[in-house]
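Asker: Output the structure for:
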Amino acid sequence: MRFRARLLSSLGLALLAAILLLLHFVALPLVDARLNPVRESSAPEVPAEVREFHDSAFVADMHADSLLWGRDLSTRHGRGHVDLPRLREGGVDLQVFSAVTRVPRGMNYTANSGDTDILPLLFLAAWRSPATWFSPLERALVQARELRRLAERAPLRLVTRRADLSADGFKGLLALEGMHALAGDAAALEELYAAGYRMMGLAHFFDNEVAGSAHGVEKYGLTPFGRRLLPRMEALGITVDLAHASPAAFADTLQIATRPVVVSHGGVAATCPGPRNLDDAQLRAVAANGGVVGIGFWKGAVCDAGLAGIIRAVLHAVRVAGIDHVGLGSDFDGAVAEPFDAAGLPRLTAALLRAGLSRDEVEKLLGKNFRRVLAANLPH
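Answerer: Here you go, the predicted model:
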């Protein structure tokens, strides 16, 4: 009987190990590749003079969810949109790495509750701590630790203070995709700040204790907790991100914000109607605040998910908000199809120049505007 019990126990452990290996080495890469495809695999060569200009500019992308997928970002991959080799090839100086911490089942742009969560299996497949299977806060802390470890062994500087912006070499900034990770606890804000987070979105795909989401059920504005939290975020030097915020939360935040905000990734309703794309009044409100709107690259942001759609959205945002208030917000690795990966960003620079923008204007769009906001907000 003891031998049989031991045999069954050994078989059970072997089966569990096989399942974990299959999840990690087969299922996770397949899901990553399917959800984060590149639509255009070939493209015309970027002229040498454009490439030289692009490489000389400060290029910043305001949003990528690459940490979610558990890839080794120091190595070039044949799936997804971002890793350090492709960022270097794309001439990127600063990449914002956003931590996704909870995703509802059946996620959609219209109405989602926070009652379900599909991320535990993904964090299990990535062989992350069991604490992350149940806690959005732990998921945020683990992704921060992973980026810090990457910075220790790769040419990457984590931006946590103003002086880091002017340092040589490639830089990364930690952002939080929705403040549901706090679970209504103000102390968690201090913990996330200590972990390196310097940009935070109020909401993601459902309403939370801080603010309503554009994709939530009630879509309310800032809660009393959110109103108390905002001044502390500004005092710490955390940039407020209004991507995914409900119209009411968007308006409430801009009424009380004393520092420039960002809308890290999205589109404009004039060229692509949709619940998360900004109307002209919202564009003007961000400009009046001194902030920056990051134009996304995927279909939900620009409708025509190619260079032409991105350029239309950028030009409209520039006409309405002004050249000083528009930037790039790819949503790389955000479970969306993109027209190119991080290595393809010089193609966007070439398209902006072909659209008639001056080199000074293109430099602002590529990253100078976003760098200005970070310089105004980051702690000394």
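
Asker: residues touching the nearest residue to Leu67 once chain neighbours are set aside, list them.
Answerer: Leaving aside its chain neighbours, Leu67 sits nearest to Gln143 (4.3 Å; criterion: C-beta to C-beta, 6 or more residues apart in numbering). Just so you know, the C-beta spots here come from the backbone N, C-alpha and C atoms, and that holds for glycine as well. Applying C-beta atoms under 8 Å, 6 or more residues apart in numbering, we find Gln143 in contact with Leu67, Leu68, Phe97, Ala99, Leu174.

Asker: Per-residue pLDDT of the third one, please?
Answerer: At Phe97 the predicted local distance difference test score is 98.

Asker: helices or strands next to whichever strand or helix holds it in the packing?
Answerer: Using DSSP states H and E, Phe97 sits within strand 94-100. Judged by 3 or more C-beta pairs under 8 Å, 6 or more residues apart in numbering; DSSP states H and E, strand 94-100 is in contact with strand 60-64, helix 136-153, strand 171-177, strand 197-201.

Asker: Highest mean neighbour count out of those?
Answerer: Between the helices and strands packed on strand 94-100, strand 60-64 has the highest mean count of neighbours, a mean of 29, where neighbours are mean count of other C-beta atoms under 10 Å.

Asker: now it: how far from the chain's centre is it?
Answerer: 6 Å (C-alpha atoms, centre = their mean, to the nearest Å).

Asker: With just CA atoms, put it into CSV.
Answerer: The C-alpha coordinates for strand 60-64 follow below in CSV (Å, rounded to 0.1, in the frame of the first residue of the first chain):
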residue,chain,number,x,y,z
ALA,A,60,9.8,57.7,-26.4
ASP,A,61,6.9,55.3,-26.5
MET,A,62,4.4,56.0,-23.7
HIS,A,63,2.9,52.5,-23.4
ALA,A,64,3.9,48.8,-23.8
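
Asker: Who are the packing partners of it?
Answerer: In terms of contacts (3+ C-beta pairs under 8 Å, 6+ apart), strand 60-64 is packed against strand 94-100, strand 262-266, strand 292-295, strand 326-328, helix 369-377.

Asker: would you turn those into TSV with mean neighbour count?
Answerer: TSV is the format used below for the helices and strands packed on strand 60-64 (neighbours: other C-beta atoms under 10 Å):
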stretch	mean neighbour count
strand 94-100	27
strand 262-266	31
strand 292-295	30
strand 326-328	28
helix 369-377	21
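
Asker: could those go into TSV alongside distance to His215?
Answerer: Output for those, formatted as TSV (distance: least, C-beta to C-beta, whole Å):
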stretch	distance to His215
strand 94-100	14
strand 262-266	12
strand 292-295	18
strand 326-328	22
helix 369-377	24
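
Asker: picking that back up, of the contacts of Gln143, closest to Gly196?
Answerer: Leu174 (4.7 Å; C-beta to C-beta).

Asker: Report the contact partners of the residue sitting nearest the centre point of the chain.
Answerer: For the chain, His63 is the residue whose C-alpha lies nearest the centre (C-alpha atoms, centre = their mean; 3.0 Å). His63 is in contact with 96, 98, 175, 243, 264-265, 294, 296, 329-332, 334, counting by C-beta under 8 Å, 6+ apart.

Asker: what about the closest residue to it other than its chain neighbours, distance to Ala99?
Answerer: Closest residue to His63 apart from its sequence neighbours, by C-beta to C-beta, 6+ apart: His265 at 3.9 Å. According to C-beta to C-beta, to the nearest Å, His265 and Ala99 sit 14 Å apart.

Asker: same thing with Val92?
Answerer: Taken as C-beta to C-beta, the span from Val92 to Ala99 is 19 Å.

Asker: Val262 now?
Answerer: Look at Val262 and Ala99: by C-beta to C-beta, they are 16 Å apart.

Asker: Gln255 too?
Answerer: 27 Å.

Asker: pLDDT weak spots in this structure?
Answerer: Across the chain, the ranges flagged by pLDDT under 70 are 1-14, 16, 41-42.

Asker: domains of it?
Answerer: Domain ranges of the chain: 1-35, 47-377, per automatic domain parsing.

Asker: Mean neighbour count, these: which tops it?
Answerer: Across these, averaging neighbours per residue (mean count of other C-beta under 10 Å) puts domain 47-377 on top, at a mean of 20.

Asker: Would you work out how far apart the start and end of that one are?
Answerer: Taking C-alpha to C-alpha, to the nearest Å as the measure, domain 47-377 stretches 36 Å from start to finish.

Asker: thinking again about what came up before, report the contact partners of the residue nearest to His63.
Answerer: Counting by C-beta under 8 Å, 6+ apart, His265 makes contact with Met62, His63, Ala243, Gly294, Gly296, Ala301, Gly329, Ser330, Asp331, Gly334.
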